[in-house]
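In: Sequence first, then the predicted structure:
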Amino acid sequence: EARVLGLKCVWVSHMHADHHGGLYRLLELRARLMGRDATPLLVIGPWPLFNVLTGYQPVVPLPFHFLSNAHLLPGNSGHRQPPPAVLESFKQAQAALGIRLQPFTVHHIAHAFGLKISGAEGRDWSIVFSGDTRPCRNTVDAARGASLLVHEATFEDEMVEDAVRKKHSTTGDALGVAAESGVYRVILTHFSTRYPTLPQMDLSAHPHVACATDFMTVNLADLAWLPRVMPPLAALFTEEKAAWEQDEVPGGAGGPVDAAMTPA
């Protein structure tokens, strides 16, 4: 509850449900916790998200201020200006967090964005989120010299045709973006659900790369040793995968199951 109440803003990359499906419950919970004193929470995202949020309002009041990613793109002076209250929310959120937020377009579906988060003046660090995307120039440029790049790696390198068709990245694609940008550390994420734990990959040639796990948090002060957690994590998840597979096979520890339900 304390974390929900402490939120300053929410950023959404694009309109696929796995990237915004939990937002409405979050806003509803925050409003309930704050009661009559509920103040609007700044939501930064693609334009279609605004229509969804306003559609909820007649059923479940969700106090929010909405700012489109497109408005924050360089050279957007031709777009309609957001209300002053929204711009003030954006200013206050950046000041409270000590950061600067800079979205950029990526190669996925319409209204898809990545995000660069930089330390405020005097703080020399930056984090870049690729969002869902094929490898693209905007991500490389945003990540150039960054402290950390969090890049999607939905598919294995052998599945490049699937990656191109679905406008996602392979592991090799993500590593290529990292190499070209010269980023200090990389976290690969957004792995396909066909992996019950960590995907099998050899990162020995990439000592600056780590893989994301559920509920993972990273302190920027720990970036130097972050990749060192991969060998013990891989060992841990190998044991969990073996136990998971044992539970799922007919006659395994989890009891008999229908062979048609056994994961391929």
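Out: Yep, that arrived.
In: Contact partners for residue 209?
Out: 175, 178, 185-188, 203, 227, 230 (C-beta atoms under 8 Å, 6 or more residues apart in numbering). Quick note: C-beta positions are derived from backbone N, CA and C, even for glycine.
In: who does it bridge with?
Out: For residue 209, the beta-bridge partners under DSSP bridges are residue 186.
In: Now do the same for it: its pLDDT.
Out: Looking at residue 209, its pLDDT is 91.
In: same check, this time on residue 74
Out: We have a pLDDT of 88 for residue 74.
In: Which stretches in this protein count as strands?
Out: Assigned by DSSP state E, the chain shows strands spanning 9-11, 41-45, 64-68, 99-105, 113-119, 126-129, 148-152, 185-189, 209-211.
In: Point out where the stretch 101-250 of the chain drops to low pLDDT.
Out: Residue ranges of the stretch 101-250 of the chain with pLDDT under 70: 122, 192-202, 237-250.
In: do that again at 80, thanks
Out: Counting by pLDDT under 80, the stretch 101-250 of the chain shows low-confidence ranges at 122, 191-205, 230-250.
In: quick one: the helices in it?
Out: Ranges of helices in the stretch 101-250 of the chain, per DSSP state H, counting those that start in this stretch, are 137-143, 160-166, 171-181, 230-248.
In: I'd like those laid out as a markdown table, including distance to residue 2 and mean neighbour count.
Out: Below are the helices of the stretch 101-250 of the chain laid out as a markdown table (distance: least, C-beta to C-beta, whole Å; neighbours: other C-beta atoms under 10 Å):
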| stretch | distance to residue 2 | mean neighbour count |
| --- | --- | --- |
| helix 137-143 | 32 | 21 |
| helix 160-166 | 38 | 14 |
| helix 171-181 | 34 | 21 |
| helix 230-248 | 28 | 14 |
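In: what's the closest of the ones you listed to residue 154?
Out: helix 160-166 (6.7 Å; C-beta to C-beta).
In: CA-only coordinates of that closest one in CSV, if you can.
Out: C-alpha atoms of helix 160-166 as CSV (Å, rounded to 0.1, in the frame of the first residue of the first chain):
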residue,chain,number,x,y,z
VAL,A,160,14.3,-14.8,-36.1
GLU,A,161,11.5,-15.2,-38.6
ASP,A,162,9.0,-15.2,-35.8
ALA,A,163,10.7,-12.1,-34.3
VAL,A,164,10.5,-10.3,-37.6
ARG,A,165,6.8,-11.3,-38.2
LYS,A,166,5.7,-10.3,-34.7
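In: Mind giving me the packing neighbours of it?
Out: Contact here means 3 or more C-beta pairs under 8 Å, 6 or more residues apart in numbering; DSSP states H and E; on that basis helix 160-166 packs against helix 171-181.
In: And the helix it packs on, what does it pack against?
Out: Going by 3+ C-beta pairs under 8 Å, 6+ apart, helix 171-181 lies up against helix 137-143, strand 148-152, helix 160-166, strand 185-189.
In: rewinding a little: out of the helices of the stretch 101-250 of the chain, which is closest to residue 85?
Out: That would be helix 137-143 among the helices of the stretch 101-250 of the chain, by C-beta to C-beta, at 28.6 Å.
In: can you put the helices of the stretch 101-250 of the chain in a markdown table and add distance to residue 152?
Out: Below are these laid out as a markdown table (distance: least, C-beta to C-beta, whole Å):
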| stretch | distance to residue 152 |
| --- | --- |
| helix 137-143 | 10 |
| helix 160-166 | 10 |
| helix 171-181 | 7 |
| helix 230-248 | 18 |
